Every structure is written in structure tokens, then in C-alpha cells.
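**Student:** predicted model and sequence below, questions to follow.
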Amino acid sequence: MSSVLQLKNVRKAFAGVPALAGIDAALADNSYISLLGPSGSGKTTLLRVIAGFEQPDGGEILFAGRRIDGVPPHERGIGFVFQNFALFPHLSVAQNIAFGLENRAIDPVTDGRIVAARVRDMIGLVGLSGLEDRAITQISGGQKQRVALARTLVTEPSMVLLDEPLGALDANLRTRMRGELRTIRERCGVTFLHVTGSETEALAMGDTVLVLDRGRIAQSADAGTLYSRPASADVARFLNCYNIFPGEIAGESFVSPVGALALGGLTQASGKPGYAIRYDRVSIRPRDAAPAGDEVRIEGSFVASEYSGAAVNSFFTLDDGRVFEVETHLSHAAPEAYEERGRYALVWKREDALVFA
Ligand SMILES: Nc1ncnc2c1ncn2[C@@H]1O[C@H](COP(=O)(O)OP(=O)(O)OP(=O)(O)O)[C@@H](O)[C@H]1O
């Protein structure tokens with residue numbers, strides 16, 4: 001697959017503090033890419049550098065094979081959708097969308113009939129038919145999001161940057177708009193680079209997920225690979241579905257604050273030792289149940305359970321005070337009631353753990 005955007009060792013510091021510490025990435029043409037990272041990891045800075053609102057200190061940015069660092073934002077052919085939508089409140093839905101086309105830097109469209117036809121098509125594409133003449137103040141948050149997207153897409157960019165595009169919407173609408181955004185993107189064949197701090201959003205939406213950590217790409221992978229094979233303990237932590245232990249490998253065990261955990265699965269080099277076990281790989285058993293030979297067992301005190309749809313998440317405190325989480329899918333087992341502060345065995349297969357060295 002060819003790439004629409006290439007970043008080569010892109011760097012940016014603010015007052016000597018690096019926000020982007022050498023970014024290398026190639027973004028595939030016609031794809032949905034999520035950019036995930038904790039607060040302060042450099043997501044917005046990277047988007048602003050790609051858009052041209054911020055100049056990098058070094059490195060190269062190639063868009064459709066052409067160097068664009070130094071090219072003004074409006075001449076890059078890259079669209080930007082802001083979290084707060086940035087719509088014109090005094091213009092109607094159709095006028096907001098037309099604005100983008102009539103005022104684009106390259107090849108603005110001045111023929112009213114062509115503008116009207118393109119706006120009509122775009123309104124259909126984003127599902128706003130019937131609302132053309134509404135004022136921006138008279139539409140919902142989700143509809144504003146669609147207008148913002150349509151206003152960008154009508155200019156026919158080869159790529160659209162979206163900074164937390166669902167951040168201003170409530171939880172239900174957020175989930176619904178995920179599917180909408182993917183469908184709209186597929187229909188127009190443009191690459192979307194979507195910044196989010198939500199691991200569920202990043203995994204649900206991206207064909208590829210780029211994980212940013214302290215100004216560096218920590219991993220670039222499809223959602224399935226990222227979920228089952230995070231490249232480091234830090235990436236596993238951002239995914240919010242792994243229990244992580246610090247410590248180090250000694251012989252056949254990983255020595256952690258809760259004891260020696262027998263090794264048996266994959267050990268990956270990552271530069272920083274860690275031991276990770278996914279929430280849904282752990283079984284909760286009575287304290288006196290003996291583990292099988294290929295299992296790892298620790299003990300914890302039950303704190304609480306939380307239902308989330310078809311799964312139950314149970315929380316335990318371990319002997320060093322850390323919280324340990326277990327996810328049980330209700331399709332696998334009937335929900336069990338655990339005794340508050342009761343001691344339980346928490347057991348998993350050795351080979352299910354990811355060990356980082
Ligand atoms: N204009 C600026 N001046 C000084 N420091 C900045 C500026 N913009 C960003 N930074 C710093 O650069 C780092 C990366 O910031 P950035 O906004 O890119 O992170 P982010 O991943 O988008 O975070 P969030 O999810 O909280 O929006 C942070 O340490 C931030 O404080």
C-alpha cells in the first residue's frame with residue numbers, strides 16, 4: 001500500500017523540552033489511522049506540525065511524495081477538523097460547508113451552481129439532508145460534527161486531521177459517531193488521522209493505531225496486534241486492559257513486588273522490564289484450589305465488581321497494595337458473587353503473560 005504521508009525524524013521542542021523526539025512514520029493511503037497517547041505525549045503537536053500550524057525543528061515531512069515542511073497550511077491540501085468544530089454561527093449549515101469550497105487557497109470554486117451541487121452532495125454524504133438552511137445554533141452536537149467534517153471534505157483534501165473529534169460529544173453519541181466517521185471515510189477514500197486519548201476509540205476506529213509515548217512512536221500496528229502484542233509494558237498500560245508488574249527476570253522467573261512469577265511465554269526485548277497479564281486471561285478461584293503445573297498463581301482480596309455489558313470487571317488488592325483487575329465475559333461463565341475482602345487465588349497460564357526484558 002502506498003503512503004500518503006511520511007514523517008522522517010520529525011522533532012519539535014518547546015523552550016528546550018522535546019514534545020516530538022524524532023517521529024518516523026508512514027501513513028497509508030486511503031486508511032483510518034488513530035493516534036493514541038497519554039496526555040502530553042505530543043499528539044496535538046504532531047497534528048499541528050503536519051497541518052503546518054507549527055514548524056518542526058528538524059526532520060522531513062513528505063505529503064504525496066512532496067516535501068511540505070515550510071509550505072503554508074492552506075496550501076498543503078490537508079484538511080483539519082477541530083474538537084470544538086469552529087463553525088461560523090451566523091451562517092447556515094449549507095453556507096458553512098460552501099465557505100470551505102469558495103475560500104480554499106488552491107482552486108477556489110466561484111460558480112454558484114457548482115458550489116450548490118457539491119454542497120448538496122456533501123450534505124448527503126454526511127447525512128444532513130433536510131437541514132441545509134438551519135442555523136448552526138439550531139442543530140445538535142453530532143450534527144455540528146458532521147458540518148465540520150463536510151466543510152473540510154468539500155475542499156477535497158487527500159488527508160484529514162481530526163483532533164479529538166468526538167471529544168465534545170456525550171458518551172452515547174460518541175459511540176454512534178465512531179461508526180459514522182468510518183463510513184464517511186470509506187465513502188470518500190481519504191486518509192483520516194484521528195487523535196484520541198481513548199484506547200477504546202483508537203482500537204475501534206483505526207485500521208492502524210499509532211501509539212505515541214513521550215514524543216516517540218512506541219508502536220504502530222493494527223488493533224488486533226496491538227491488543228494481543230503490545231510492544232512494551234508502557235504501551236500495554238495505555239491500552240488499559242493489562243495488569244502490569246515492574247521487576248526483573250531472574251532465571252526462570254520474573255521477580256515482581258508480589259513474588260516470583262514463573263516464566264513460560266514469550267519474552268520480548270523492549271528496553272524496560274515488565275510483566276503484563278491481560279484482564280481477561282485471569283481466572284478467579286477459591287484460595288485453596290491448587291494451580292496446574294503450567295499456571296501462575298497470586299493471591300488478592302476482593303474489593304468490588306463492575307458490570308459493563310457482556311463482561312464483569314472484578315477488582316482485587318494485592319499484598320503490595322496494588323489493584324489487580326480481572327475481566328470475566330458472561331458468555332464464558334455465570335456471574336459469581338465474591339465475598340468482600342475475601343481472599344482469592346488469581347490464576348493464569350504462564351504462556352498468556354507478556355514478559356518484557
Ligand atoms: N505552545 C506550547 N508551548 C510550550 N509547550 C507546549 C506547547 N504546546 C505543547 N507543549 C508541550 O508539549 C508537550 C506535548 O503537548 P501536546 O499538546 O502535543 O500533547 P497531547 O498528547 O496532545 O496532550 P493532550 O492529550 O493533553 O492534549 C506537553 O508537554 C506540552 O506541555
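**Tutor:** Great, that's in hand. The structure presented is a predicted model; accordingly, all values stated were derived computationally and were not measured.
**Student:** which residues does the spatially closest residue to Leu266 that is not a sequence neighbour contact?
**Tutor:** Excluding its sequence neighbours, the residue lying closest to Leu266 (C-beta to C-beta, 6 or more residues apart in numbering) is Leu354, at 6.5 Å. Every residue, glycine included, has its C-beta placed from N, CA and C. By C-beta atoms under 8 Å, 6 or more residues apart in numbering, Leu354 lies in contact with 229-230, 236, 242, 265-266, 268, 275-277.
**Student:** pLDDT at Ala276, what is it?
**Tutor:** In this model, Ala276 is scored at 97, pLDDT.
**Student:** check contacts around the residue in the stretch 51-200 of the chain that the ligand sits nearest to.
**Tutor:** Ranked by C-beta to the nearest ligand atom, the top residue of the stretch 51-200 of the chain for proximity to the ligand is Gly197, at 4.8 Å. By C-beta under 8 Å, 6+ apart, the contact list for Gly197 reads 36-39, 43, 164.
**Student:** off-centre distance for stretch 296-304?
**Tutor:** 30 Å (C-alpha atoms, centre = their mean, to the nearest Å).
**Student:** buried sites along that stretch?
**Tutor:** By 16 or more other C-beta atoms under 10 Å, the buried positions in stretch 296-304 come out as 296-298, 300-302.
**Student:** restricted to strands, list those residues.
**Tutor:** Applying DSSP state E to the buried residues of stretch 296-304, the entries found in strands are 296-298, 300-302.
**Student:** reformat these as CSV; add pLDDT.
**Tutor:** Shown next, in CSV, are those (pLDDT from 0 to 100):
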residue, pLDDT
Val296, 96
Arg297, 96
Ile298, 96
Gly300, 97
Ser301, 97
Phe302, 97
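**Student:** turn those residues into CSV, columns for distance to Arg216.
**Tutor:** Formatted as CSV, those follow (distance: C-beta to C-beta, whole Å):
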residue, distance to Arg216
Val296, 31
Arg297, 36
Ile298, 32
Gly300, 34
Ser301, 38
Phe302, 39
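**Student:** and the helices in the stretch 201-350 of the chain?
**Tutor:** Secondary structure of the stretch 201-350 of the chain by DSSP state H, counting those that start in this stretch: the helices cover 223-228, 233-239.
**Student:** just checking, what packs against the shortest one?
**Tutor:** What that stands for is helix 223-228. helix 199-205, strand 208-213, helix 233-239 (3 or more C-beta pairs under 8 Å, 6 or more residues apart in numbering; DSSP states H and E).
**Student:** which residues sit against that helix?
**Tutor:** Contact with helix 223-228 is made by 202-204, 206, 209, 211, 219, 235, 239, 241, as judged by C-beta under 8 Å, 6+ apart.
**Student:** what's the weakest-modelled helix or strand in the protein?
**Tutor:** helix 171-188 (a mean of 86; mean pLDDT, DSSP states H and E).
**Student:** circling back: which members of the contacts of Leu354 additionally contact the ligand?
**Tutor:** Applying C-beta under 6 Å from any ligand atom to those, one finds that nothing falls near the ligand.
**Student:** just the buried ones from those residues?
**Tutor:** 230, 236, 242, 265, 275-277.
**Student:** buried members of the contacts of Gly197 into PyMOL, please.
**Tutor:** The buried residues among the contacts of Gly197 can be selected in PyMOL (16+ other C-beta under 10 Å) with this line:
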select buried, resi 36+37+43+164
